[in-house]
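>>> Fold the following for me, if possible:
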Amino acid sequence: MAIVRPLVGRAANWTGILRRYSTVEAFTANLMASGEGGAMPVVGHDKMKKEFYIKMDRTSTEKAILQYDIYRKGYVDFYHTFVPEVYRGKGLAKHLAKAALDYAVEEDLKMKLTCTYLQKYTQDNPLPQYEERIVPS
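Sure, this is the predicted structure:
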């Protein structure tokens, strides 16, 4: 019985928390964006649009994006990162950056970092697998 009571108390708290949001998706997006509870955003990759993205929720078209271009065989230019204003400062861009850079490593691509956020990210995270693939802009 001691195990059940804390769970019941937590369930009651979650019900109150969920009432503050219009949908479960809105709650999840807020939780994900805040980084609370260890939630990790899901980074998608649309190769046709040449972008990595994080959707804010299932019902919205709003998303954080990192755009790129393949400007010649074996070379990628990561040129733009955008996070909607309401979600800025919550670490979403770093998840996009890591996914994009890891993709370049997996595909053995040389990287041009036109995007200033990615330039800063690689300076703050000087991993050899990234540094050896960066070409001058």
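>>> How about residues contacting the longest strand seen in the chain?
Identified as the longest strand of the chain according to DSSP state E is strand 63-72. Residues outside strand 63-72 that contact it (CB atoms under 8 Å, 6 or more residues apart in numbering): 49-56, 76-84, 87, 92-93, 96-97, 99-100, 109, 112, 115, 118. Yep, even glycine has a C-beta here, placed from its N, CA and C like the rest.
>>> Among those, name the buried ones.
Using 16 or more other CB atoms under 10 Å as the burial test, those include 50-56, 76-83, 87, 92-93, 96-97, 99-100, 109, 112, 115, 118 as buried.
>>> follow-up on the earlier one: list the buried residues of the longest strand of the chain.
For strand 63-72, by 16+ other CB under 10 Å, it's 63, 64, 65, 66, 67, 68.
>>> Looking at these, which two lie furthest apart in space?
Pairwise distances across these (CB to CB) peak at 15.3 Å, for the pair 63 and 68.
>>> any idea of the mean pLDDT for the longest strand of the chain?
For strand 63-72, the mean per-residue pLDDT is 97.
>>> Stretch 106-124 now?
Here the average pLDDT along stretch 106-124 is 97.
>>> How far does it sit from its chain's centre?
Distance of stretch 106-124 from the chain centroid (CA atoms, centre = their mean, to the nearest Å) equals 15 Å.
>>> if I look at residue 125, how far off is residue 98?
Separation of residue 125 from residue 98 (CB to CB, to the nearest Å): 8 Å.
>>> What is the least confident helix or strand in the chain?
Lowest on mean pLDDT, DSSP states H and E among the helices and strands of the chain sits helix 4-19, with a mean of 43.
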